[in-house]
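Colleague: below: sequence and its predicted model.
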Amino acid sequence: MKISDIVDFNPRTTLPRSGQLPFIDMAALPTSGRDIPEIGSRPVGGSGAKFQNGDTLLARITPCLENGKGAKVSNLPEPGTGQGSTEFIVMRAKRASDEDFVYYLSRLPAFRAFAIQQMVGTSGRQRVSWQSLVDFEIDDLDIAQRQSAGQVLSALDDKIELNRRLNKTLEAMAQAIYRDWLVDFGPVRRKMAGVTDPVEIMGGLIPDPTRATELEALFPTDFDGSDLPRGWDEEPVIEQSNWVNGAAYKKMHFVAPGEGLPVIKIAELKAGVTSTTGFTNTDLGSRYRIDDGELLFSWSGNPDTSIDTFIWTGGPAWLNQHIFAVRPNGSRTIGFLFAMLKYLNPQFAEIARDKQTTGLGHVTKEDLKRLRVVVPTKAVEAAFDNLMTPIFQKLQATQLENRTLAETRDYLLPRLISGKLRVGDAALEIAA
């Protein structure tokens with residue numbers, strides 16, 4: 001049957017006449033995930049896409065379509081409608097029970113390849129029209145089969161989304177403890193004030209681990225003349241680790257997928273995926289080779305979306321330019337460095353914004369020399385590391401689990417959508 005038998009393309013959607021509505025731009029659309037992590041807001045109006053909860057968004061412009069950008073819309077507040085980029089195709093299931101199936105159909109490799117073949121326009125600005133997709137042929141599965149296939153695949157994405165939210169909470173915890181201990185000097189101030197009752201930080205998310213414990217004795221009871229806790233110091237950020245900038249790979253270095261290791265790009269770091277376009281077997285030295293557990297800092301790009309810190313869990317790869325590998329140099333542990341960088345991200349973004357040209361900014365090693373951070377005593381630092389290390393390890397483990405879940409989903413997707421694999425058999429494969 002044709003895809004248009006179960007999908008309405010760019011259907012009419014009624015929006016309120018005024019006020020604010022959720023807005024999704026192209027940058028917010030994931031490349032390998034179902035859910036949209038951040039949704040903005042704009043006044044009603046404009047010629048962009050209009051959609052509602054349950055719809056699937058498909059990028060129609062190069063290179064976004066080739067890179068896999070797409071998502072299922074969910075959790076929009078009442079009235080459950082939104083607006084977005086003019087470069088979206090909206091796919092709406094004719095039956096509510098087909099909503100998950102339609103989303104995974106949009107990720108079917110054969111459908112993506114078909115859509116790419118229909119693109120027209122000048123190089124670099126090619127687009128596919130929704131009208132050219134309506135005749136795409138899909139396997140004739142009955143309603144129950146379609147619903148079951150969507151449910152199995154959706155269960156995997158549900159777990160991926162749950163893990164993503166867990167990691168956001170863990171990152172917030174690391175930042176909150178870093179700020180409380182090493183920026184606001186909360187334990188020192190509370191000790192000076194004689195506070196004995198339990199204190200919660202992050203709005204009650206976590207209790208202060210220093211209260212009524214042996215950790216309290218590690219903190220000084222006053223400040224020195226420089227407004228630092230007595231015995232503490234300040235150092236440039238650049239001295240906290242080794243900052244290894246990636247290599248500048250050229251066209252001649254790249255090979256076909258499978259013939260070399262991926263070359264990591266900032267956009268792929270944001271998406272949490274390995275490269276789908278850049279591979280090389282050119283070995284420029286071990287300093288440029290990364291593997292699971294590396295701490296990476298993207299120092300160039302849009303200050304609002306690209307300047308950020310990441311834990312790499314994509315397996316062996318090559319470090320590309322515009323990304324620092326942040327490696328311990330004996331001064332700080334990787335858990336300490338992660339919390340420090342996550343806390344400093346807003347300052348890094350502001351530094352990049354001040355240098356912004358044509359939408360791009362950057363953070364250099366000279367900036368890292370000027371920016372200073374507080375260095376506590378070795379005893380306090382060791383206590384901080386004891387809190388950060390399990391957080392870092394859990395973040396890494398959860399990201400690795402999501403990688404496995406995504407690989408399982410992508411393996412099962414074409415087999416379930418085609419009906420070649422039944423749901424019961426898919427459950428056995430997942431369990432195995």
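Modeller: Right, received. Where do you want to start?

Colleague: got any ranges where this protein has weak pLDDT?
Modeller: Counting by pLDDT under 70, the chain contains low-confidence residues at 196-199, 202-208, 210-213, 267-268, 270-277, 422-432.

Colleague: OK, contacts around F223?
Modeller: Neighbouring residues of F223 by C-beta atoms under 8 Å, 6 or more residues apart in numbering: F185, V188, P229, R230. Heads up, the C-betas are built off the backbone N, CA and C, glycines and all.

Colleague: what's opposite it in the beta bridge?
Modeller: Per DSSP bridges, the residues bridged to F223 are P229.

Colleague: any idea how far it lies from M119?
Modeller: 63 Å (C-beta to C-beta, to the nearest Å).

Colleague: most neighbours out of the contacts of F223, which is it?
Modeller: When the contacts of F223 are compared by neighbour count (other C-beta atoms under 10 Å), P229 ends up highest, at 24 neighbours.

Colleague: residues contacting it?
Modeller: With contact taken as C-beta under 8 Å, 6+ apart, P229 is in contact with F185, V188, F219, P220, D222, F223, P376.

Colleague: so where do the helices sit in the chain?
Modeller: For the chain, the helices defined by DSSP state H cover 99-106, 109-117, 143-182, 186-192, 266-271, 334-354, 365-370, 378-418, 423-431.

Colleague: out of these, flag the one nearest S132.
Modeller: helix 109-117 (7.9 Å; C-beta to C-beta).

Colleague: hey, what's the closest residue to I36 other than its chain neighbours bridged with?
Modeller: Leaving aside its chain neighbours, I36 sits nearest to A71 (4.9 Å; criterion: C-beta to C-beta, 6 or more residues apart in numbering). Beta-bridge partners recorded for A71 (DSSP bridges): L57.

Colleague: can you tell me how far A71 is from D55?
Modeller: A71 is 9 Å from D55, by C-beta to C-beta.

Colleague: which of these two has more neighbours?
Modeller: Per other C-beta under 10 Å, whichever of A71 and D55 has more neighbours is D55, with 27 against 24.

Colleague: contacting residues for that one?
Modeller: D55 neighbours (C-beta under 8 Å, 6+ apart): K72, V73, V90, M91, R92.

Colleague: next: R372.
Modeller: Going by C-beta under 8 Å, 6+ apart, R372 touches E234, E235, P236, V237.

Colleague: got the phi and psi for the residue located most distally from the centre of the chain?
Modeller: Computed with C-alpha atoms, centre = their mean, the maximum C-alpha offset from the centroid of the chain is found at G225, amounting to 42.2 Å. Per-residue torsions, G225: phi -70, psi -10 (degrees, to the nearest 10).

Colleague: that one and W232, how far apart?
Modeller: 12 Å.

Colleague: near the residue lying closest to I266 once chain neighbours are set aside, how many other residues are there?
Modeller: Nearest residue to I266 in three dimensions, chain neighbours excluded: S298, at 4.5 Å (C-beta to C-beta, 6+ apart). When neighbours are defined as other C-beta under 10 Å, S298 has 25 of them.

Colleague: what's across from S298 in the sheet?
Modeller: Beta-bridge partners, per DSSP bridges, of S298: D308, I323.

Colleague: in contact with it, which residues?
Modeller: I266, L269, S306, I307, D308, T309, F310, H322, I323, F324.

Colleague: any idea what sits nearest N53, other than its immediate chain neighbours?
Modeller: Excluding its sequence neighbours, the residue lying closest to N53 (C-beta to C-beta, 6+ apart) is G80, at 4.5 Å.

Colleague: likewise L371?
Modeller: Leaving aside its sequence neighbours, L371 sits nearest to V237 (C-beta to C-beta, 6+ apart; 4.6 Å).

Colleague: quick one: that neighbour and F297, what's the gap?
Modeller: Distance, V237 to F297, by C-beta to C-beta: 10 Å.

Colleague: go on, V120?
Modeller: Taking C-beta to C-beta, one finds V120 at 40 Å from F297.

Colleague: higher neighbour count, the two?
Modeller: Neighbours per residue (other C-beta under 10 Å) separate V120 from F297, with F297 holding more: 23 against 9.

Colleague: which residue, other than its chain neighbours, is closest to Q131?
Modeller: In space, Q131 is closest to F9, 7.7 Å off (C-beta to C-beta, 6+ apart).

Colleague: that older thread, wait, isn't the residue nearest to I36 in contact with P37?
Modeller: No - in terms of C-beta atoms under 8 Å, A71 does not count as a neighbour of P37; the distance is 9.6 Å.

Colleague: got a winner among the contacts of S298 for most neighbours?
Modeller: Highest count within these by other C-beta under 10 Å belongs to I307, 25 neighbours.

Colleague: reformat the contacts of S298 as a markdown table; add distance to K420.
Modeller: Formatted as a markdown table, the contacts of S298 follow (distance: C-beta to C-beta, whole Å):
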| residue | distance to K420 |
| --- | --- |
| I266 | 37 |
| L269 | 34 |
| S306 | 40 |
| I307 | 44 |
| D308 | 40 |
| T309 | 42 |
| F310 | 36 |
| H322 | 42 |
| I323 | 40 |
| F324 | 45 |
